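Student: Would you be able to build a 3D model of this:
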Amino acid sequence: MTRGRTAPHRVLALVVGIERYAAGDGWNLPGPVRDALRFRDWLLARGVPETNILLHLAPLDGEDPGVPFRPADHNSLRSAFVTGIPARSGDALWVWWGGHGVLDRDERLRLYCADATVTDRRNIDVESARDTLRSDTLTGFARQTWMVDACQTFDERHNFPHSLPDERLPAGQRVQAHEQVLMFAATRGQRAANDPERRTGVFSDIVLRELPADPVPDPDALFEAVRGRLDVLRAAGGTDQLPTLHLHRPGRTEASVSPRGPAEARATGARSTARLVEALLAYPLMNDREERQALVRELPAVVVGRMPRHSMPRTDVIGIVRTLGAHPDRLGELFDAVTLFDVDPERAAELQEAIQELIASQRAGK
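Tutor: Next up is the predicted model:
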């Protein structure tokens with residue numbers, strides 16, 4: 001689907017990061033605030049005005065985000081959806097949300113607000129919020145993108161003493177004027193992994209590294225990139241979550257996009273990718289950022305010129321493998337570059353076999 005580029009000043013974003021909940025320390029979730037701030041920085045770098053970013057945070061006690069922010073309690077977030085966003089004008093809307101979530105018995109995703117307690121789990125119903133934002137309550141904002149890093153575990157599995165509060169947000173008349181794209185960190189019944197040491201959501205971190213220069217990127221391309229990185233992490237045992245993409249476009253029936261291709265071929269490809277990642281990490285040079293950079297300079301610039309980089313060795317190597325894996329005819333150049341810096345025969349043999357296995361799995365999956 002061909003899309004025109006949206007002017008940055010016509011982009012509005014509701015950015016939510018909740019780490020601390022009224023339910024107590026057992027609900028603490030280090031990471032969403034940092035991820036929200038990183039997304040804010042990405043928007044600003046794309047030219048989106050700071051006044052167009054509605055930042056709602058609930059940082060852990062003693063943490064200072066360093067920028068002004070709004071609270072992330074239920075009343076504040078409800079107001080953002082019901083009156084805050086409709087009061088603005090624009091062409092594109094982002095909803096970024098990091099925090100706890102749960103799937104209710106009606107298969108509706110509920111996102112907990114900062115003032116949620118065990119007995120009063122105040123939340124925003126995603127489907128209800130979607131209804132508000134796709135009704136005639138909202139003028140403009142034809143393109144809407146949700147990025148939600150939250151669990152979709154089944155509510156009844158948590159054995160809470162009381163049921164979920166069930167509030168539907170007010171909405172106007174139904175219209176067919178809005179495209180809504182929703183990308184979730186996990187699928188039905190799954191947890192969304194979090195990295196407490198690095199203070200980031202696994203899904204959020206990958207999305208933030210894959211976001212392109214366009215302030216309103218093509219959702220299919222972005223999803224493919226994010227899913228590819230999560231495939232590698234799953235194959236390496238880093239997570240079991242499956243990201244999901246839901247498309248709601250005027251004139252089209254709601255569609256849920258799941259991983260494409262035969263499951264066996266996907267699993268084989270993921271295992272082959274993971275093997276190549278491990279073969280590369282066996283080289284001492286891969287643990288040194290400057291040496292990795294020297295290696296990358298030996299790779300074809302036309303392929304790696306716009307490759308996202310990372311300071312963490314494993315994440316950076318995954319990015320290198322994913323980038324070159326999209327051009328299997330250039331994978332041989334990776335072997336040449338690595339063995340130029342390290343001539344160890346045992347490591348070279350494993351590297352060569354891993355590259356050949358990945359190429360074979362890609363051919364088999366076509």
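Student: Assign the nearest residue to R229 once chain neighbours are set aside to helix, strand or coil.
Tutor: In this structure, R229 finds its nearest non-sequential neighbour in I206, 4.7 Å apart by CB to CB, 6 or more residues apart in numbering. For glycine as for every other residue, the C-beta is placed from the backbone atoms N, C-alpha and C. Assigned by DSSP: H, G, I helix; E, B strand; the rest coil, the conformation of I206 is helix.
Student: how close does I206 sit to N28?
Tutor: Taking CB to CB, to the nearest Å as the criterion, I206 is separated from N28 by 23 Å.
Student: higher neighbour count, those two?
Tutor: The neighbour comparison of I206 against N28 (other CB atoms under 10 Å) goes to I206, with 25 against 13.
Student: Enumerate every residue touching that one.
Tutor: Contacts for I206 (CB atoms under 8 Å, 6 or more residues apart in numbering) come out as 226, 229-230.
Student: nearest to E350, of these?
Tutor: Minimum distance to E350 across the contacts of I206 is 22.8 Å, recorded for R229 (CB to CB).
Student: Can you read off the backbone torsions of the closest one?
Tutor: phi -70, psi -40 (degrees, to the nearest 10).
Student: Contact partners for it?
Tutor: Neighbouring residues of R229 by CB under 8 Å, 6+ apart: 206, 209-210, 318-319, 322.
Student: For it, give its distance to E210.
Tutor: Using CB to CB, we find R229 at a distance of 7 Å from E210.
Student: Over to W146?
Tutor: For W146 relative to E210 (CB to CB), the value is 16 Å.
Student: where exactly do the strands run in the stretch 251-366 of the chain?
Tutor: Per DSSP state E, counting those that start in this stretch, the stretch 251-366 of the chain carries strands over the ranges 255-257.
Student: whoops, I mixed them up, the stretch 51-200 of the chain
Tutor: 53-58, 92-98, 101-103, 109-112, 123-125, 143-149, 179-184, 194-195, 200-201.
Student: Pipe those into JSON lines and attach mean pLDDT and distance to T273 per row.
Tutor: Converted to JSON lines, the strands of the stretch 51-200 of the chain look like this (pLDDT from 0 to 100; distance: least, CB to CB, whole Å):
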{"stretch": "strand 53-58", "mean pLDDT": "98", "distance to T273": "36"}
{"stretch": "strand 92-98", "mean pLDDT": "98", "distance to T273": "27"}
{"stretch": "strand 101-103", "mean pLDDT": "96", "distance to T273": "29"}
{"stretch": "strand 109-112", "mean pLDDT": "98", "distance to T273": "30"}
{"stretch": "strand 123-125", "mean pLDDT": "98", "distance to T273": "36"}
{"stretch": "strand 143-149", "mean pLDDT": "97", "distance to T273": "23"}
{"stretch": "strand 179-184", "mean pLDDT": "95", "distance to T273": "22"}
{"stretch": "strand 194-195", "mean pLDDT": "90", "distance to T273": "20"}
{"stretch": "strand 200-201", "mean pLDDT": "94", "distance to T273": "22"}
